[in-house]
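> based on what follows, work out the 3D shape:
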Amino acid sequence: MKYIPSTLILIVTISFFAFFKTATRQPRILVFTKTAGFRHGAIPKGKAAIQQLGKENGFGVDTTEDASLFTGKNLKRYAAVVFLNTTGDVLNSQQQTDFETYIRKGGGYAGVHAASDTEYDWPWYGKLVGAYFESHPKEQDAQLNLSGQRHISTSHLPAEWKRKDEWYNFKNINPNVTVLLTIDEESYSGGRNGNPHPMSWYHAYDGGRAWYTALGHTDASYSESDFLRHLLGGIQYAMGNADK
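Presented below is the predicted three-dimensional model:
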């Protein structure tokens, strides 16, 4: 009988640590950076910045350019998938189907900059990201304006946000997105969308959540505090950590 207390203590201890490990398991995101077209030099800076955001804000970050990871079983591991400056045709038909299923089951998507220069022959993705890239002028300073929508990715920003980046013109803009940032075309040269010219937005889509920012072309973006908070908020929305 004298061995029973020790055995019980061992069982309780193992159970406690198993429960603690499960209870404290961090959510994870997958950062996808495959390119089949232009490759942005800022991708390494972007990956490092998101990994640091994860360390500071309680979520794990996996990064990959391996499209074979887009399976139903693997995607279940992630609260959100971030397309970071992807370009071109990056997923095959089965991978596309598995990603659609992931979103329909409540998954999250965040697209950064050239994510809109991706998968032009996949209409479902075009609606998910919210628009397709059409053109851009040279990098230059411009003024962004808050749309007035309350959102975790823009709540910290001033009403007028001046910064330098590569400013996209878009086609096939999804009318169902909620615009967060617009760009003042009079503040720079080369804007072609007119007024309003959206630069960041979010929406509920096909059972899941999607957020996009056209910002993030330059290396400097990924050490800029306002941009990093913008990016973090978008990822948190995609993860389901905020209502907006």
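> export the strand or helix carrying Q94 as CSV, just CAs?
Per DSSP states H and E: Q94 is located in helix 93-104. Listed next in CSV are the C-alpha coordinates belonging to helix 93-104 (Å, rounded to 0.1, in the frame of the first residue of the first chain):
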residue,chain,number,x,y,z
SER,A,93,-5.3,22.3,-58.7
GLN,A,94,-5.4,19.9,-55.7
GLN,A,95,-3.6,22.3,-53.5
GLN,A,96,-6.1,25.0,-54.5
THR,A,97,-9.0,22.7,-53.6
ASP,A,98,-7.4,21.9,-50.2
PHE,A,99,-6.9,25.6,-49.5
GLU,A,100,-10.5,26.4,-50.5
THR,A,101,-11.6,23.7,-48.0
TYR,A,102,-9.4,25.2,-45.3
ILE,A,103,-11.0,28.6,-45.7
ARG,A,104,-14.5,27.2,-45.9
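> would you map the helices across the chain?
Here the chain has its helices, by DSSP state H, at 4-23, 43-57, 72-75, 93-104, 123-129, 225-239.
> just name the most buried of those helices.
Per residue and on average, the most neighbours among the helices of the chain fall to helix 225-239, with a mean of 22 (mean count of other CB atoms under 10 Å). From N, CA and C alone the C-beta is placed, and that goes for glycine too.
> what's that one packed up against?
Judged by 3 or more CB pairs under 8 Å, 6 or more residues apart in numbering; DSSP states H and E, the packing partners of helix 225-239 are strand 28-32, helix 43-57, strand 80-84, strand 108-112, strand 160-165, strand 198-205, strand 208-213.
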